[in-house]
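> Return a 3D structure for these sequence lines:
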Amino acid sequence: MNKKIILSVTLLLAVFAFAFIGKGDKSKRQIIYTENAPKPIGPYSQGILVGGTLYLAGQVGLNPVTGKLDSTGVEGEAKQALQNLYSVLLAGDMNMTHVVKTTIYLKNVKDFEKVNKVYATFFTNTLPARETIGIADLPKGANIEISMIAVK
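Predicted coordinates for the structure are as follows:
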């Protein structure tokens, strides 16, 4: 059941992104990359800037220097994932106040409150729309993955 929901959400976002990007000048698409976030572990970009909208790929709690997953638990992983996303935002000349949408994937939905506490330290005045999805597995054995959309 969870895989069907995730697939549906992913397809919906892909259709939206395709429709939006397809209407604009594709030469205005800019790849956003920073050494201050982990290098992609597959064929994707850390972020894509189209017009004033930045689409940020999901980040897990990998330390960009060591390449290792934070070992302090879901709170540490959430903090590192959010720091990684913040680094990509900065590379796109944005910050957390520009974030309009986040998606959180959790291996254990019981960690929801722990993650909320960390999340609240990154978003204070400007709260983006968000969904949190329980998922069976994540890359690198992570407990959490977070993606974002930001608008300038």
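> And the strands in the chain?
Remark: strands assigned in the chain by DSSP state E are 29-32, 47-50, 53-59, 99-106, 129-134, 144-151.
> Show me the shaky parts of the chain.
Scanning the chain for pLDDT under 70 picks out 1-27.
> wait, what's in contact with residue 95?
Residue 95 makes contact with 86, 89, according to CB atoms under 8 Å, 6 or more residues apart in numbering. The way it works is simple: take the backbone N, C-alpha and C, and place the C-beta from them, glycine included.
> Can you give me the separation between it and residue 89?
Distance of residue 95 to residue 89, given as CB to CB, to the nearest Å: 6 Å.
> how about the residue nearest to residue 97 when sequence neighbours are not counted, phi and psi?
In space, and not counting its chain neighbours, residue 97 is closest to residue 126: 4.6 Å by CB to CB, 6 or more residues apart in numbering. Backbone torsions of residue 126, given as degrees, to the nearest 10, read phi -100, psi 100.
> how many neighbours does residue 126 have?
Neighbourhood size, residue 126 [other CB atoms under 10 Å]: 11.
> Tabulate the strands of the chain in a markdown table, adding columns for mean neighbour count and distance to residue 122.
Formatted as a markdown table, the strands of the chain follow (neighbours: other CB atoms under 10 Å; distance: least, CB to CB, whole Å):
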| stretch | mean neighbour count | distance to residue 122 |
| --- | --- | --- |
| strand 29-32 | 14 | 19 |
| strand 47-50 | 20 | 17 |
| strand 53-59 | 22 | 12 |
| strand 99-106 | 20 | 9 |
| strand 129-134 | 14 | 12 |
| strand 144-151 | 22 | 10 |
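> Right, I'll call it a day here.
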